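In: the amino acid sequence is not available; the structure is as follows:
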């Protein structure tokens, strides 16, 4: 049994390392600004949903206002029923820069809509009023800070490669003990479940996006039915990417997802509790509220991530050298694939063997997410629970691929 456990884990890691699109290389990045001299820059309207973001807007909103972009560019910030003066802070910052940008207050959340998607839809509606000829819509979160040329790089990528949707996963804060342990695995697991090279391959059905930064062609957004098509999606970014790739131009859209070097989140996760809340909000939705999938995910995490180090560390008790050797080989291969993500987050390579510890913690978060759903607190975010006590048809917006049994922390 020990040999079988070790051989199984080692075999899985061989497949992940060499037959999963090279997900672990973390090498999908936006090209540098070689396209700065292009003759035409299409018009863009940015839509920013904001719920109780007054504390971060003085840092993030100026980065949107100061984008170095040669085409027409407007910003619509949607105040999603904030109680901290978000709208007033945004208006004060915008007035100091330009009167061209607007702040809108979201209407009451209608039944069947997820909060963020409703705010985005309100923003897109407002954008059609202030900039009806916009060729692109830029969906970006209120807690994301952008470098001055980031929008230009996104547009250049979309135009040069004729893409319908371009998205980048903003760099998350990994400062402090718990974020250092848990944030790089968050990014690693996301890449594992959705290999970026496969997402960026138009011949493959794999699709995903990162909701903090999505640039989409406006005609394509209209073609798929607008944001109403994903109205109940808690994991709205991947839901949108799937629709675009399936129903974009000519019956199939072209999308691209990469890792950002021009955008980063300024949100402070406040240690373990903040990360736990972020993951528990959508982890069970990621599994389509299926207890069977939850059980399969926990077994997968245990056998693939937890078993290898246990086989090694418990060798003095079981004394089986072959089982321990296979476990060690799997653990080394696991750690080896984790190195590029650690480098991406400027963390020491010595943290690589601790990936199983992070997987164990994420396992606990997933169980807690399921328990919250049972208690009617599913999808709880900033005081608003959006799932629980029922089985919505597509509220997750991101069903687990039927051919894949592993689990990862959901996108933010």
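Out: Cool, got the structure. All of these numbers come straight from a predicted model, not from anything done at the bench.

In: ok, and the closest non-adjacent residue to residue 47?
Out: Nearest residue to residue 47, sequence neighbours excluded (Cβ to Cβ, 6 or more residues apart in numbering): residue 123, at 3.5 Å. C-betas here are computed from N, CA, C, even on glycine.

In: quick one: that neighbour and residue 50 touch, right?
Out: No: judged on Cβ atoms under 8 Å, residue 123 makes no contact with residue 50 at a distance of 9.8 Å.

In: intersection of neighbour lists for the two?
Out: 77-78 (Cβ atoms under 8 Å, 6 or more residues apart in numbering).

In: A helix includes residue 215, no?
Out: No: with DSSP: H, G, I helix; E, B strand; the rest coil as the criterion, residue 215 is assigned strand and is not in a helix.

In: that one contacts residue 135, correct?
Out: No: at 10.5 Å, residue 215 does not count as touching residue 135 under the criterion of Cβ under 8 Å.

In: adjacent strands (with direction) for the longest strand along the chain?
Out: Longest among the strand segments of the chain by residue count, using DSSP state E, is strand 255-265. Paired neighbours of strand 255-265 in the sheet (DSSP bridges): strand 144-146 (antiparallel), strand 165-171 (parallel).

In: okay, now stretch 67-76: how far is its last residue from its first?
Out: Terminal residues of stretch 67-76 lie 14 Å apart, using Cα to Cα, to the nearest Å.

In: what are the bridge partners for residue 263, then?
Out: Bridge pairing for residue 263 - DSSP bridges - gives residue 146.

In: let me see the confidence value for it.
Out: Predicted confidence (pLDDT) for residue 263: 94.

In: OK, contacts around it?
Out: 140, 144-147, 150, 168, 170-171, 212-213.

In: could you export these as JSON lines, including pLDDT, neighbour count and distance to residue 326?
Out: Formatted as JSON lines, the contacts of residue 263 follow (pLDDT from 0 to 100; neighbours: other Cβ atoms under 10 Å; distance: Cβ to Cβ, whole Å):
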{"residue": "140", "pLDDT": "96", "neighbour count": "26", "distance to residue 326": "46"}
{"residue": "144", "pLDDT": "96", "neighbour count": "26", "distance to residue 326": "43"}
{"residue": "145", "pLDDT": "96", "neighbour count": "20", "distance to residue 326": "45"}
{"residue": "146", "pLDDT": "97", "neighbour count": "26", "distance to residue 326": "46"}
{"residue": "147", "pLDDT": "95", "neighbour count": "17", "distance to residue 326": "45"}
{"residue": "150", "pLDDT": "96", "neighbour count": "27", "distance to residue 326": "45"}
{"residue": "168", "pLDDT": "97", "neighbour count": "28", "distance to residue 326": "38"}
{"residue": "170", "pLDDT": "94", "neighbour count": "25", "distance to residue 326": "38"}
{"residue": "171", "pLDDT": "94", "neighbour count": "21", "distance to residue 326": "36"}
{"residue": "212", "pLDDT": "92", "neighbour count": "26", "distance to residue 326": "39"}
{"residue": "213", "pLDDT": "96", "neighbour count": "25", "distance to residue 326": "41"}
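
In: could you dump the residues you listed to TSV with distance to residue 92?
Out: Converted to TSV, the contacts of residue 263 look like this (distance: Cβ to Cβ, whole Å):
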residue	distance to residue 92
140	20
144	20
145	18
146	20
147	23
150	24
168	29
170	25
171	28
212	24
213	24
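
In: relative to residue 71, which of those residues is nearest.
Out: The nearest member of the contacts of residue 263 to residue 71, counting by Cβ to Cβ, is residue 150 at 14.1 Å.

In: so what's that closest one up against?
Out: Residue 150 touches 67, 260, 262-263, counting by Cβ under 8 Å, 6+ apart.

In: could you dump the residues you listed into CSV with distance to residue 43 added?
Out: What follows is these, written out as CSV (distance: Cβ to Cβ, whole Å):
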residue, distance to residue 43
67, 13
260, 23
262, 21
263, 21
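
In: scan the residues you listed and report the most crowded one.
Out: residue 263 (26 neighbours; other Cβ atoms under 10 Å).

In: any regions of this protein where pLDDT drops low?
Out: For the chain, the stretches flagged by pLDDT under 70 are 33-37, 250-251, 377-412.

In: now the helices for the stretch 301-412 of the chain?
Out: Using DSSP state H, counting those that start in this stretch, the helices of the stretch 301-412 of the chain run over residues 307-313, 315-318, 321-344, 355-374.

In: an error on my part: the question was meant for the stretch 51-200 of the chain.
Out: 57-65, 86-95, 115-130, 150-160, 177-193, 196-199.

In: residue 357: which of these is closest?
Out: Comparing those by Cβ to Cβ, helix 177-193 comes nearest, at 7.0 Å.
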